[in-house]
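# Kindly return the folded structure for what I paste below:
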Amino acid sequence: MRSWDESKLTTELLKAVEMAGYETPTPIQMAVIALGLGQRDVIGISKTGSGQTAAFVLSMFTRTSCLPMSEENKAQGPHAFIIAPIYSEI
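Residues are numbered from 1 along each chain as shown. Sure thing, here's the model as predicted:
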């Protein structure tokens, strides 16, 4: 994946990406989104501010929005689990 158009994100998410001002995906976004949409477990490590949280969330929303919802499976999950450190200066 070299551009948002190649990302296979949903149309709604691509509109949100554009509205957020993301012009091109960062290296971590290119890797994580491609792997995440391929139904792969992903561990991504990169510098703060490089877009890794957006990468995880965008691929997760795309994958989970395609899952069929029925009475039998609506309580199944979780379908995604994200652990991200929070950094704050005190």
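# For R63, list the residues it contacts.
G36, L37, Q39, H79, A80 (CB atoms under 8 Å, 6 or more residues apart in numbering). Bear in mind the C-beta positions are built from the backbone N, C-alpha and C, glycine included.
# Buried subset of those, written for ChimeraX?
Burial among the contacts of R63 is assessed by 16 or more other CB atoms under 10 Å; the matching ChimeraX selection reads:
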select :36,37
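# what ranges do the helices span in the chain?
Using DSSP state H, the helices of the chain run over 11-20, 27-37, 52-65.
# Going by neighbour count, list what's buried in the last one.
Of all the residues in helix 52-65, those buried under the rule 16+ other CB under 10 Å are Q52, T53, A54, A55, F56, V57, L58, S59, M60, F61, T62.
# and of those, the nearest to E23?
A54 (13.1 Å; CB to CB).
# which two in the contacts of R63 are spaced the farthest apart?
The widest separation within those (CB to CB) is 13.2 Å, between L37 and H79.
# Okay, now the unreliable bits of the chain?
78-79, 84, 86-90 (pLDDT under 70).
# what's the distance between L67 and P27?
Noted for L67: a distance of 28 Å to P27, by CB to CB, to the nearest Å.
# Save the helices of the chain as CSV, and put in distance to R2 too.
Shown next, in CSV, are the helices of the chain (distance: least, CB to CB, whole Å):
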stretch, distance to R2
helix 11-20, 15
helix 27-37, 7
helix 52-65, 14
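# mind checking which of those helices is nearest A75?
Closest of the helices of the chain to A75 is helix 52-65, at 14.4 Å (criterion: CB to CB).
# angle of the closest one against helix 27-37?
20 degrees (axes from the mean of the first three to the mean of the last three CA atoms, to 10 degrees).
# oh, and call the first residue 310 from now on, that's how I've got it
Right, with 310 as the first residue, what we last looked at is helix 361-374.
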